[in-house]
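Trainee: need coordinates for the following:
(chains A and B)
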Amino acid sequence: MDNRDGPGVGDGSITGVSAPARTRPRIGSLELFCSVLVVAVVVRGPIADLAARSTQLQIAATVFLAVCVQALPFLVLGVALSGAIAAYLPPSALRRLLPRRGGAAVGVAGLAGAALPGCECASVPVARRLMWAGVPTSAALAFLLSAPAINPVVLVATAVAFPGVPEMVLARFGGSLVTAVVMGLLWSRFGRPEWLLHGLVPGAGDSDEQPPGASRWEVFTETARHDLLQAGGFLVFGGVMTAALHVLVPSGVYGHLAGHLLLAVAVMAVLAVVLSLCSEADAFVVASLSTVPLLPRLVFLVVGPAVDLKLVAMQAGTFGRAFAVRFAPLTLGVAVLSACGVWALVLVLTR
Amino acid sequence: MRRETANVLLVLLGGALMKIAVDGTALRYVKPSMVSALLISGVALVLLAAVAIYRDVRRGGAHGGAAGGHCGTPGHGATMVRGPWLLLLPVLVILLVGPPALGASSVGRSDGRSVVSTPRASTQTFPTLPPGPAPQVRLVDFVQRAVWDSAGELGLLEVTLTGFVVHREPGATELARLVISCCAADALPVLVRLRPSPAAGSEDAPLAALPDNSWISVRATFVDGSATPANGYLPTAIVSSWSPVATPTDPYES
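Mentor: Below is the predicted model of the structure:
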């Protein structure tokens, strides 16, 4: 009659021995979360007093919130679109769109990134699935680099972040496209298949394989939710760094950078790699550095979606270390050079 | 982070965005044009969480995987699992601290760059000032006209300026606003040095006694030629009268 406690226990009294694994006696994340909230509400008064007494902390908090709040709508838009693409546009459809042969495939794949908003994190699994689906590796890599950088959400975000400076949008588009195409062509000329691991680990860690029978709506909402949680974490990290830079960097440093363009470019490139921002949000972070000249900030925007710590880790995990160790530094160099080159071109064209 | 926790977090984040959009505090951080986008995003976040919660409840919690962490690569779980926790930070800052708009304390950090440091094309002309006695002029327009308007219209009539008081040097009073191009993080100050009208007698004392960040509205006349490269393009205006005003909900100019 009463079989809730599993076989062997008849009268339903003491259930400890055969309790199902669903009971979790250890502290889970929900308990931790709730305790954080309770503590926060309890210490709300003292924290507010502390904040009110320190102007630096207030400024930092305002700057932090400004960046996060400004970028979140673009992030939401970006994950909504990338979720829709994951649900309604399978990689096989993408493969049909791309030409099979070398150079043209690289160019088309690079441009295709403009139509397909995607978080940087999504571009690595998508590129791998493209390779499985038969797309040439060089084209898949070009797509990997261009999709996070030149899609409409990113370009609109850049336009909003730099009002009155359409050259930044143009140069970002051009710089990222050139980077993507050059890297694809370099691979087709010099790349070796043994540097890529993907053939050996089909389906490993492939959590973007939805459970069978998942409806498109489910794929859409689950992908969007997952991307948002992931990218949101990096955005908040970027906001904290922006606030820290705003408050901790002494006034003279930016002025000094403004006088030494080469140094500024190097600093911004390194910053882009370290901050690992999502491409929908990085324009707002770099727009806050209003005393740094435009070229180094453009370098930040072109380098960020192409190579950063987060991407390198993912590429190493997906394609293998031999690939990542060659791809990342080369992409960094190509991205910096193409950003500078395209900026020079844009300046010449708009004068 | 477990799925349920992440869903609650999304609800809180969406709720926080909706809160600041509706009660106007968002204007301390972003431009007014962003408010509707914030509201929509907040609603979208709450809906996304609601859909996930509904799905979990219907499945009876059996779908224990996909804890919002993995990015499809082995060995990368730890970084991803920590990521969503960071989203708690803006929620806490909004709810606990509610930081104020930037003000007098941000005026010193311009690193020499200002709204008038980028030269304008000489072919651009300024529109004529609005008619009527002492028309309201934005502080950023006032400063730009002071530096670039060769027609000299500004020195001929009295205008009304609104801003907050800042005393960068003892005895000197300046009216300031913060100009943002994208969000509060890139704010640059615009300043006008205030001098009392000689005919008004001892009116300077009340101005100098005002604490920093007091919002006032002044009727003043620009002193021609006072904005020079030597003083960092800081125009001077002679004040004929001033009055305190309430702190505006939208404190920035753009």
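
Trainee: how about B:Pro248, nearest residue that isn't a chain neighbour?
Mentor: B:Trp215 (7.2 Å; C-beta to C-beta, 6 or more residues apart in numbering or on different chains). Backbone N, C-alpha and C define where each C-beta goes, glycine included.

Trainee: can you tell me how far the one you found sits from chain A?
Mentor: Look at B:Trp215 and chain A: by C-beta to the nearest C-beta, to the nearest Å, they are 17 Å apart.

Trainee: hang on, that residue packs against B:Leu175?
Mentor: No - the pair B:Trp215 / B:Leu175 is not scored as a contact, 9.8 Å apart, by C-beta atoms under 8 Å.

Trainee: so what sits against both of the two?
Mentor: B:Gly163, B:Phe164, B:Val165 (C-beta atoms under 8 Å, 6 or more residues apart in numbering or on different chains).

Trainee: is the one helix or strand B:Thr162 maps to up against chain A anywhere?
Mentor: Element membership for B:Thr162 (DSSP states H and E) is strand B:158-166. No - between strand B:158-166 and chain A, judged by C-beta under 8 Å from any C-beta of the partner chain, nothing touches; the nearest distance is 12.9 Å.

Trainee: for that strand, packing partners?
Mentor: Secondary-structure packing of strand B:158-166 (3 or more C-beta pairs under 8 Å, 6 or more residues apart in numbering or on different chains; DSSP states H and E): helix B:139-148, strand B:173-179, strand B:188-196, strand B:215-222.

Trainee: tell me the mean pLDDT for it?
Mentor: On average, the pLDDT along strand B:158-166 is 92.

Trainee: and the angle from that strand to strand B:188-196?
Mentor: Per axes from the mean of the first three to the mean of the last three C-alpha atoms, to 10 degrees, the angle that strand B:158-166 makes with strand B:188-196 is 110 degrees.

Trainee: returning to what we had before: pick out whichever of the shared contacts of B:Trp215 and B:Leu175 sits closest to chain A.
Mentor: Closest approach to chain A among the shared contacts of B:Trp215 and B:Leu175 (C-beta to the nearest C-beta): B:Phe164, at 14.2 Å.

Trainee: which strand residues bridge the closest one?
Mentor: Residues in a beta bridge with B:Phe164, per DSSP bridges, are B:Ala176, B:Trp215.

Trainee: hmm, B:Ala176 and it touching each other?
Mentor: Yes - counting by C-beta under 8 Å, B:Phe164 touches B:Ala176, with 5.8 Å between them.

Trainee: which one's more surrounded, the two?
Mentor: Taking neighbours as other C-beta atoms under 10 Å in any protein chain shown, B:Phe164 and B:Ala176 compare with B:Phe164 leading, 25 against 20.

Trainee: distance check, the more buried one against B:Asp250.
Mentor: 13 Å (C-beta to C-beta, to the nearest Å).

Trainee: and for B:Trp242?
Mentor: Going from B:Trp242 to B:Asp250 by C-beta to C-beta gives 21 Å.

Trainee: these two: which is more packed in?
Mentor: Ranked by neighbour count (other C-beta under 10 Å), B:Trp242 and B:Asp250 place B:Trp242 first, with 22 against 14.

Trainee: distance from the helix or strand containing the more buried one to the middle of the chain?
Mentor: Using DSSP H and E, the element containing B:Trp242 is strand B:236-244. The chain centroid and the centroid of strand B:236-244 are separated by 24 Å under C-alpha atoms, centre = their mean, to the nearest Å.

Trainee: now do stretch A:224-234
Mentor: The chain centroid and the centroid of stretch A:224-234 are separated by 9 Å under C-alpha atoms, centre = their mean.

Trainee: repeat for stretch A:243-263
Mentor: With C-alpha atoms, centre = their mean, you get 25 Å for stretch A:243-263.

Trainee: buried stuff in that stretch?
Mentor: A:Ala243, A:Leu245, A:His246, A:Val247, A:Tyr254, A:Leu257, A:Ala258 (16 or more other C-beta atoms under 10 Å in any protein chain shown).

Trainee: so the fourth one sits in a helix?
Mentor: Yes - under DSSP: H, G, I helix; E, B strand; the rest coil, A:Val247 sits within a helix.

Trainee: next up, the contacts around it.
Mentor: Neighbouring residues of A:Val247 by C-beta under 8 Å, 6+ apart: A:Gln56, A:Ile59, A:Ala60, A:Val63.

Trainee: quickly note the distance from it to A:Val270.
Mentor: Applying C-beta to C-beta to A:Val247 and A:Val270 gives a distance of 20 Å.

Trainee: what's around the residue lying closest to B:Ala50 once chain neighbours are set aside, how many residues?
Mentor: Computed as C-beta to C-beta, 6+ apart, the closest residue to B:Ala50 that is not its neighbour in sequence is B:Val11, at 7.6 Å. Close neighbours of B:Val11, defined as other C-beta under 10 Å, add up to 19.

Trainee: any figure for the gap between B:Val11 and chain A?
Mentor: Relative to chain A, and taking C-beta to the nearest C-beta, B:Val11 is found at 12 Å.

Trainee: what helices or strands is the helix or strand in which that residue is found leaning on?
Mentor: Per DSSP H and E: B:Val11 is located in helix B:3-22. Where contact means 3+ C-beta pairs under 8 Å, 6+ apart, helix B:3-22 is packed against helix A:29-42, helix A:55-88, helix A:216-248, helix B:35-59, helix B:88-92.

Trainee: nearest to A:Gly333, out of the ones you listed?
Mentor: With C-beta to C-beta, the closest approach to A:Gly333 among the helices and strands packed on helix B:3-22 belongs to helix A:216-248: 23.6 Å.

Trainee: centre of the chain to the closest one, how far?
Mentor: 8 Å.

Trainee: list the buried residues in that helix.
Mentor: By neighbour count with 16+ other C-beta under 10 Å, helix A:216-248 contains the buried residues A:218-243, A:245-247.

Trainee: for the helix holding B:Val11, output the C-alpha coordinates as PDB.
Mentor: Below are the C-alpha coordinates for helix B:3-22, written out as PDB (Å, rounded to 0.1, in the frame of the first residue of the first chain):
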ATOM      1  CA  ARG B   3      18.700  26.600 -11.300                       C
ATOM      2  CA  GLU B   4      16.200  27.800  -8.700                       C
ATOM      3  CA  THR B   5      18.600  30.300  -7.300                       C
ATOM      4  CA  ALA B   6      19.500  31.600 -10.700                       C
ATOM      5  CA  ASN B   7      15.800  32.100 -11.400                       C
ATOM      6  CA  VAL B   8      15.200  34.000  -8.200                       C
ATOM      7  CA  LEU B   9      18.200  36.100  -9.100                       C
ATOM      8  CA  LEU B  10      16.800  36.900 -12.500                       C
ATOM      9  CA  VAL B  11      13.500  38.000 -10.900                       C
ATOM     10  CA  LEU B  12      15.300  40.300  -8.500                       C
ATOM     11  CA  LEU B  13      17.500  41.800 -11.200                       C
ATOM     12  CA  GLY B  14      14.500  42.400 -13.500                       C
ATOM     13  CA  GLY B  15      12.500  43.900 -10.500                       C
ATOM     14  CA  ALA B  16      15.400  46.200  -9.700                       C
ATOM     15  CA  LEU B  17      15.600  47.500 -13.200                       C
ATOM     16  CA  MET B  18      11.800  48.000 -13.300                       C
ATOM     17  CA  LYS B  19      12.100  49.800  -9.900                       C
ATOM     18  CA  ILE B  20      14.700  52.300 -11.000                       C
ATOM     19  CA  ALA B  21      13.000  52.900 -14.300                       C
ATOM     20  CA  VAL B  22       9.600  53.700 -12.700                       C
END
